[in-house]
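# the following comprises the amino acid sequence and a computationally predicted model.
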2 protein chains.
Amino acid sequence: MDTLIGTYADTPAKPQFKRLAVLGVGLLGGSFALAAKHAGLAQEIVGYSKSPSTIKAARAAKVIDHGADSALHAATDADLILLAVPVSAIGPLLKQIRIGLSPHALVMDVGSTKGNVVAAAQEALGDMASRQFVPCHPIAGGEHSGVQHARSALFDGRRVVITPMINNPDRFVEVASQIWEAVGGVVSIMDASEHDAAFAAVSHLPHLVAFAYVYAMARQPKGGSYLQLAGPGFRDFTRIAASDPTLWRDVFSANNTEILQQLQLFKQAIAGFEAQMRQGNWSVMESLIRQASQSRKDWASPSPADDIA
Amino acid sequence: MDTLIGTYADTPAKPQFKRLAVLGVGLLGGSFALAAKHAGLAQEIVGYSKSPSTIKAARAAKVIDHGADSALHAATDADLILLAVPVSAIGPLLKQIRIGLSPHALVMDVGSTKGNVVAAAQEALGDMASRQFVPCHPIAGGEHSGVQHARSALFDGRRVVITPMINNPDRFVEVASQIWEAVGGVVSIMDASEHDAAFAAVSHLPHLVAFAYVYAMARQPKGGSYLQLAGPGFRDFTRIAASDPTLWRDVFSANNTEILQQLQLFKQAIAGFEAQMRQGNWSVMESLIRQASQSRKDWASPSPADDIA
């Protein structure tokens, strides 16, 4: 980590690590391991998962070099540690590994919410938090979870948001940025609260809406026969509704307030559209649709349509 | 149209037409013209559009052989006529072409709602309706409208729902089925009311929800900066929100009752999810998400993910 930050403006320095520990070897953890190996970021990769069969699968697929029998064992002697577990597990995991943390180890997470992760890290690590932990959120993943879907290109061109702890030294954040850039990511730095407000709007609410829509759809008496008629519009609209229930329960819990606030804005919009439909105001309805359609057309997709994780 | 229906069980008969008239040369009309030419369904294809520049573009791209200066001119002497216009334009268009209709001409539409099309055809054509008109809905299209996106494979593997007029002879419906099969479609036959109820659930409500979500998203003070952080989940969830405003205003108007009924079911589901979030019932919340996630996983996508129109 003793990189010469700032002197390689055009050819960013790539940090080098001896031992990367990936705690939670699912889609994100496994893909980070593959990408880190591919980028030459780490000489050795050790993995830990609660499920022994996951470790076995990850070793068989050469996603990790070794498996560890506990998070503490995996983290001990590692100089880079990635926590790739649901956000509610980050605090407990940090407590488990704290005793084995090398004083120079850099610890990062990949959680979709950040305010709660900052708080959990502060609580678990105390003063060590700002010297060891950098909260990160790579905007990658998808409805296919599990190490069997891991691929080294998962982060290619993807935004990675870093929300530094209040006392993280700049240089420490810089190294974290270089790591994500080395695996293909495009780094943005912002406050945890700003992050959580933005992602409630662009990600968490859409997941809530998609879950509720599919729930309503599937439970109605003729839902099964209706679903047989569903086409590509339905497929794309509901893709995120197949996402992991535990992970999303955690996100809804962690970012409750912001999501409920976005939900109110959405419900107001739905009520507005519904009122026009009930009153038969079709020119107003068309104008509302036109505004939405134009906003969506103006939005520049961050990645090509075939890049679905 | 004098095909020997029923005698070619294993090698379905392919109808042959001298002159196909496509009224409305957009994505669907243009793609049908290309597919019909490709399949050898029609010897000659004439197109009409309200906009002269569309006809010019369609001729330049060899989507149609000739342009006509009116719908009536296009339809006169045609033995197959496709109405590929927003559903509200179908009745007026049928009235315009009625006088020129050859007694053997088969007329089909591609509208997303069918109850209103059946009624409009009855009103415009009277007794002629059941002898000349078969209401059809190919489940194809997408947010990219316009003849420049037309392609002959648009209907490949796509479901095409036919909702016969009450007095359509079976054989007449059979010919319409063979036409859609010849361009790659997979035909289902059902009542118009059954069609409208099902598509309110699997297509129209998702469009309404996606429009309302993007509207709420884009209009909030920080919407613009939030949108810059949106990723692939947002991209797919909102793809249908870029759809054509005029077309969708018509769908919402034509299928108002069924859509509002589906909207109530959705709002109840949203209220249920919201209540669990407000009360912090995370195990119930997880169970709701799990049911939705499983339903979506159990759904078999009708076409591969790269087949986005």
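All right, it came through fine.
# in the stretch 1-150 of chain A, what residue lies closest to chain B?
Nearest residue of the stretch 1-150 of chain A to chain B (Cβ to the nearest Cβ) works out as A:Ile139 at 4.0 Å. Bear in mind the C-beta positions are built from the backbone N, C-alpha and C, glycine included.
# and the residue nearest to that residue when sequence neighbours are not counted, how many neighbours does it have?
Leaving aside its sequence neighbours, A:Ile139 sits nearest to B:Gly231 (Cβ to Cβ, 6 or more residues apart in numbering or on different chains; 4.0 Å). The criterion is other Cβ atoms under 10 Å in any protein chain shown. On that basis, B:Gly231 has 21 neighbouring residues.
# equivalent analysis for A:Val147, please.
27.
# mind pulling up the pLDDT for it?
A:Val147 carries a pLDDT value of 93.
# right, and A:Tyr215 touches B:Ala269 too?
Yes - assessed by Cβ atoms under 8 Å, A:Tyr215 is found in contact with B:Ala269 at 4.9 Å.
# in space, what's closest to A:Gly233 - neighbours in sequence excluded?
In this structure, A:Gly233 finds its nearest non-sequential neighbour in B:Ile240, 4.7 Å apart by Cβ to Cβ, 6+ apart.
# who touches A:Ala89 in this structure?
Counting by Cβ atoms under 8 Å, 6 or more residues apart in numbering or on different chains, A:Ala89 touches A:24, A:83.
# using the three-state scheme, assign it.
helix (DSSP: H, G, I helix; E, B strand; the rest coil).
# which positions in the stretch 51-200 of chain A make contact with chain B?
Residues of the stretch 51-200 of chain A lying close to chain B by Cβ under 8 Å from any Cβ of the partner chain are A:139-140, A:142-143, A:158-159, A:161, A:188, A:197-199.
# return the residues in contact with the residue lying closest to A:His204 once chain neighbours are set aside.
Taking Cβ to Cβ, 6+ apart, and ignoring the residues beside it in sequence, A:His204 has A:Ile259 as its nearest neighbour in space, at 4.8 Å. Shown in contact with A:Ile259 (Cβ under 8 Å, 6+ apart): A:200, A:204-205, A:208, A:252, B:277.
# out of the residues you listed, which is nearest to B:Leu34?
Proximity of the contacts of A:Ile259 to B:Leu34 (Cβ to Cβ) peaks at A:Leu205, which lies at 39.6 Å.
# from B:Gly233, how far off is that closest one?
11 Å (Cβ to Cβ, to the nearest Å).
# can you give me the strands for the stretch 151-300 of chain A?
Listed in chain order, the strands of the stretch 151-300 of chain A (DSSP state E, counting those that start in this stretch) span A:159-162, A:186-189.
# so can I have TSV of those showing mean pLDDT and mean neighbour count?
As requested, the strands of the stretch 151-300 of chain A are exported to TSV (pLDDT from 0 to 100; neighbours: other Cβ atoms under 10 Å in any protein chain shown):
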stretch	mean pLDDT	mean neighbour count
strand A:159-162	96	23
strand A:186-189	96	16
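# which one of those lies nearest to A:Asp244?
Checking these against A:Asp244 by Cβ to Cβ gives strand A:159-162 as the closest, at 19.9 Å.
# which residues touch stretch A:29-46?
Contacts for stretch A:29-46 (Cβ under 8 Å, 6+ apart): A:14-23, A:25, A:47, A:58, A:61, A:63-68, A:74, A:78, A:80, A:82, A:84-85, A:110, A:140, A:147, A:149-155, A:179, A:182-184.
# and that stretch, how far out from the chain's middle?
Stretch A:29-46 sits 17 Å away from the centroid of its parent chain (Cα atoms, centre = their mean, to the nearest Å).
# same deal with stretch A:106-115?
Per Cα atoms, centre = their mean, the centroid offset for stretch A:106-115 relative to its chain is 8 Å.
# please parse chain A into its domains.
With domains defined by automatic domain parsing, chain A comprises A:17-190, A:195-298.
# chain center to the shortest one, what's the gap?
Between the mean C-alpha location of domain A:195-298 and the chain-wide mean there is a distance of 20 Å, by Cα atoms, centre = their mean.
# low-confidence stretches in the stretch 51-200 of chain A?
Counting by pLDDT under 70, the low-confidence segments of the stretch 51-200 of chain A come to A:142-143.
# and the helices in it?
A:52-60, A:71-75, A:90-97, A:115-125, A:128-132, A:170-182, A:192-199 (DSSP state H, counting those that start in this stretch).
# for A:Asn116, which non-adjacent residue is closest in space?
The nearest residue in space to A:Asn116 (Cβ to Cβ, 6+ apart) is A:Ala254, at 4.0 Å.
# I misspoke; the intended subject was A:Ser31.
A:Leu154 (3.7 Å).
# I'd say A:Ser70 and A:Tyr48 touch.
Yes - assessed by Cβ under 8 Å, A:Ser70 is found in contact with A:Tyr48 at 6.7 Å.
# neighbour count winner among those two?
A:Tyr48 (28 against 13).
# and the pLDDT for the more buried one?
Residue-level confidence at A:Tyr48 comes out at 98, pLDDT.
# and it, what are its bridge partners?
Beta-bridge partners of A:Tyr48, counted by DSSP bridges, are A:Leu23.
# A:Arg59 is in contact with that one, correct?
No - in this structure A:Tyr48 lies outside contact range of A:Arg59 using Cβ under 8 Å: 11.7 Å.
# list residues touching both of those two?
Joint contacts of A:Tyr48 and A:Arg59 (Cβ under 8 Å, 6+ apart) are A:Gly67.
# still on that earlier bit, now the domains of chain A in JSON lines, with distance to B:Ala121?
As requested, the domains of chain A are arranged in JSON lines below (distance: least, Cβ to Cβ, whole Å):
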{"stretch": "domain A:17-190", "distance to B:Ala121": "41"}
{"stretch": "domain A:195-298", "distance to B:Ala121": "21"}
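# what residues are up against the residue nearest to A:Asn116?
A:Ala254 is in contact with A:87-88, A:111, A:113, A:115-117, counting by Cβ under 8 Å, 6+ apart.
# setting the sequence-adjacent residues aside, check what's closest to A:Leu227.
B:Trp299 (5.6 Å).
# same question, A:Val147
The nearest residue in space to A:Val147 (Cβ to Cβ, 6+ apart) is A:Gly30, at 4.1 Å.
# show me which positions of whichever strand or helix holds the one you found end up buried.
Following DSSP states H and E, one finds A:Gly30 within helix A:27-38. Residues of helix A:27-38 classed as buried: A:27-37 (neighbour count, 16 or more other Cβ atoms under 10 Å in any protein chain shown).
# okay, those residues in CSV with pLDDT next?
Output for the buried residues of helix A:27-38, formatted as CSV (pLDDT from 0 to 100):
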residue, pLDDT
A:Leu27, 95
A:Leu28, 96
A:Gly29, 97
A:Gly30, 97
A:Ser31, 97
A:Phe32, 98
A:Ala33, 98
A:Leu34, 98
A:Ala35, 98
A:Ala36, 97
A:Lys37, 96
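# out of these, which is nearest to B:Leu227?
A:Leu28 (23.6 Å).
# which residues touch the closest one?
A:Leu28 neighbours (Cβ under 8 Å, 6+ apart): A:84, A:110, A:138, A:140-141, A:154.
# list buried residues within the contacts of stretch A:29-46.
A:15, A:17, A:19-23, A:25, A:47, A:58, A:63-68, A:74, A:78, A:80, A:82, A:84-85, A:110, A:140, A:147, A:149-150, A:152-155, A:179, A:182-184.
# what angle separates the longest helix along chain A from helix A:115-125?
Criterion DSSP state H: the longest helix present in chain A is helix A:256-279. Put simply, helix A:256-279 runs at 170 degrees to helix A:115-125, going by axes from the mean of the first three to the mean of the last three Cα atoms, to 10 degrees.
# tell me the buried residues in helix A:256-279?
Residues of helix A:256-279 classed as buried: A:256, A:258-263, A:265-267, A:269-270, A:272-274, A:276-277 (neighbour count, 16+ other Cβ under 10 Å).
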